[in-house]
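>>> Give me coordinates for this.
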Amino acid sequence: MTSPCSPLPGETLKLLRPRGSNHVGMRAFNERVVLQAIRLNGSLPKADLARLTRLTAQTIGLITTRLEEDELLIRHNRVRGRVGQPSVPMALNPDGAFSMGIKIGRRSAEWLLVDFTGQLRQRQTLEYAFPDINTLLPIIGERMNAMRDELGVMRSRLVGVGVAAPFQLGGWHKMLGLSAAQSDQWNQLDLGAQVQAMTDTPVSFAKDTSAACVAELVMGRGRDLKSFLYLFVDTFVGGGLVLNSQLHFGLHGNAGAVASLPTSMTQGATAPDQLISQASLWELEQRFIAHSLDPSAAYDERAMTDPYEIETSAWVTHAANALAHCVVSGTAFLDINAVVMDGSFCRALLNRVIEQTNDALQRYNWEGLWRATVMAGNVGPDAGALGGALLPLHANFAPDQDLFLKVGV
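Modelled structure (predicted):
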């Protein structure tokens, strides 16, 4: 499994890595290089495309003509006022292709449809206490196919479906109050294969937090950071890892599995607590339930208001200390100086968690390490579904089998 990367801000044109080739037999690769150059830099005239990709002007002309015929590129109005002939910027056609992301979580499911530029076109959500397989699987198919059908004559341009879900949706079942049978039912299910059986469109699967990390890499902090640990605070906390502008999956596709990180030393035979029990919204839900408050408030602005705020503040202090331990541990092993944190809660609560985590980091001894800074992600609660939707776009249009192109530095 591979990962895309993001468009970069700024007006200065920079050389791409890798570049196109003028040799025969590289047509498909060069077409993808051109598409990615425009994805990274915005609309570009042919002269700038040639300079960016190191392809000849003749090759660029042939490629852009083909991509226009395939309706993947469109022409913008001529730009005048420069020396020489007026230039015609080429841009991605938003209707050139579509991709769908489906995120299955422990508290909700999301369906997102994005266009060729990565912009959201459709969204559906479903909330539940915990998903029942026999109920949810038919709904997944129904909503997926309904979203596809709403494309009408453009439905043939749906290039893929990306499914994002925890590797073990039934994991930590005792915390969730599930039976072992309910847990095993989810843990033994091949969700990607189940969704593939519902559609002729190619389906790919990624761990939910890895998919969320993809979205941050493509649409958020990945524009500026080459390497970072990614933390996503959801019903259960999770993470991802970006190294040198690539999403790092690990041997089992489970890199960044911070939920299982021990948060304290153990004495004797007693196992230490894991981060999942210290910094997950599940714990905030339990605090609300203990005071006869609506647990769903953990996921919206109510968590920051009376009567929820007292419990929220106590949870933030507890979670920030555990997250700071995770950040220091990650820094020691990975030698990174940035940690990006996001979550399925409101932005005000995210900012408070980050502020108190950074405060907690001040109390650690950083001797022998370079201090890491925790910063907010830019994508938000949609990150998992959006990352799932971006994966098929990569598979069909990225010029490299490993990652979306990044600008050289």
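>>> for the stretch 51-200 of the chain, what are the low-confidence residue spans?
In the predicted model of the stretch 51-200 of the chain, residues 80-86, 170-178 satisfy pLDDT under 70.
>>> Output the residue ranges of the helices in it, listed in chain order.
Using DSSP state H, counting those that start in this stretch, the helices found in the stretch 51-200 of the chain span residues 57-69, 133-149, 173-176, 180-187, 191-196.
>>> from the chain's centre, how far out does the last one sit?
What separates the centre of helix 191-196 from the centre of its chain is 20 Å, taken as CA atoms, centre = their mean, to the nearest Å.
>>> in that helix, what counts as buried?
Using 16 or more other CB atoms under 10 Å as the test for burial, helix 191-196 gives 191, 192, 195, 196. The C-beta positions use only the backbone N, C-alpha and C, and glycine is treated the same way.
>>> Quick one: neighbours of residue 148, just the number.
Neighbourhood size, residue 148 [other CB atoms under 10 Å]: 21.
>>> give the contact list for it.
Contacts for residue 148 (CB atoms under 8 Å, 6 or more residues apart in numbering) come out as 100, 155, 158, 199, 201.
>>> sorry, back to before: need the buried residues of helix 191-196 in CSV with distance to residue 151, can you?
Formatted as CSV, those follow (distance: CB to CB, whole Å):
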residue, distance to residue 151
191, 24
192, 22
195, 18
196, 19
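>>> Distance-wise, check residue 219 relative to residue 335.
26 Å (CB to CB, to the nearest Å).
>>> For those two, indicate the residue with more neighbours.
More neighbours surround residue 219 than the other of residue 219 and residue 335, with 23 against 11 (other CB under 10 Å).
>>> on that earlier part again, for residue 264, state which of the buried residues of helix 191-196 is nearest.
Nearest to residue 264, judged by CB to CB, of the buried residues of helix 191-196 is residue 191 at 33.4 Å.
>>> Surely the closest one touches residue 165?
Yes - under the criterion of CB atoms under 8 Å, residue 191 makes contact with residue 165 at 5.5 Å.
>>> Report the set of residues contacting both of these two.
104, 205.
>>> Any idea how far apart the tips of stretch 89-98 sit?
22 Å (CA to CA, to the nearest Å).
>>> before we move on, what about stretch 37-56?
Per CA to CA, stretch 37-56 runs 15 Å from first to last residue.
>>> roughly how far is that stretch from the heart of the chain?
Computed by CA atoms, centre = their mean, the chain-centroid distance of stretch 37-56 equals 26 Å.
>>> List the buried residues of that stretch.
37-46, 48-53, 55.
>>> In helices, which of those residues fall?
Mapping these onto helices (DSSP state H) picks out 37, 38, 39, 40, 41, 46, 48, 49, 50, 51, 52, 53.
>>> I'd like the distance between the nearest residue to the first one once chain neighbours are set aside and residue 39.
When you say that, I think you mean residue 37. Once flanking residues are discounted, residue 37 sits nearest to residue 52: 4.9 Å by CB to CB, 6 or more residues apart in numbering. Remark: distance between residue 52 and residue 39 (CB to CB) = 12 Å.
>>> Which parts of the stretch 201-350 of the chain are strands?
For the stretch 201-350 of the chain, the strands defined by DSSP state E, counting those that start in this stretch cover 203-207, 228-233, 238-243, 246-247, 338-343.
>>> Can you name every helix or strand that the fourth one contacts?
For strand 246-247, the contact count by 3 or more CB pairs under 8 Å, 6 or more residues apart in numbering; DSSP states H and E identifies helix 208-219 as packing neighbours.
>>> Domain parsing of this protein, as residue ranges.
16-95, 97-213+384-397, 221-377 (automatic domain parsing).
>>> Wait, residue 390 touches residue 101, no?
Yes - here residue 390 reaches residue 101: they are 7.3 Å apart, a contact under CB under 8 Å.
>>> Pick out whichever of these two has more residues nearby.
Between residue 390 and residue 101, counting by other CB under 10 Å, residue 101 is the more crowded of the two (31 against 27).
>>> about what we covered before: single out the most deeply packed of the strands of the stretch 201-350 of the chain.
Most buried of the strands of the stretch 201-350 of the chain, by mean neighbour count (mean count of other CB atoms under 10 Å): strand 228-233, with a mean of 28.
>>> Go through the ones in helices among the buried residues of stretch 37-56 and say which is closest to residue 122.
The closest of those, once distances to residue 122 are taken by CB to CB, is residue 39, at 21.1 Å.
>>> That closest one is in contact with residue 92, isn't it?
Yes - contact status for residue 39 versus residue 92: in contact at 6.4 Å, counting by CB under 8 Å.
>>> any common contacting residues for the two?
In contact with both residue 39 and residue 92: residue 117, using CB under 8 Å, 6+ apart.
>>> Name the single longest helix found in the chain.
helix 309-334.
>>> What are the buried residues along that one?
Neighbour-count burial for helix 309-334 flags 311-312, 315-316, 318-331, 334 (criterion: 16+ other CB under 10 Å).
>>> Report how many residues lie close to residue 260.
If we define neighbours as other CB under 10 Å, then residue 260 has 12 of them.
>>> Per-residue pLDDT of it, please?
For residue 260, the pLDDT comes out at 91.
>>> show me the contacts for it.
274, 275, 276.
>>> Any chance of JSON lines for the residues you listed, columns distance to residue 212, neighbour count and pLDDT?
Converted to JSON lines, those look like this (distance: CB to CB, whole Å; neighbours: other CB atoms under 10 Å; pLDDT from 0 to 100):
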{"residue": "274", "distance to residue 212": "20", "neighbour count": "20", "pLDDT": "91"}
{"residue": "275", "distance to residue 212": "16", "neighbour count": "25", "pLDDT": "94"}
{"residue": "276", "distance to residue 212": "16", "neighbour count": "23", "pLDDT": "92"}
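>>> Looking at these, which one is closest to residue 365?
Closest to residue 365, out of all of the contacts of residue 260 and judged by CB to CB, is residue 275, at 20.3 Å.
>>> I am finished for the moment; much appreciated.
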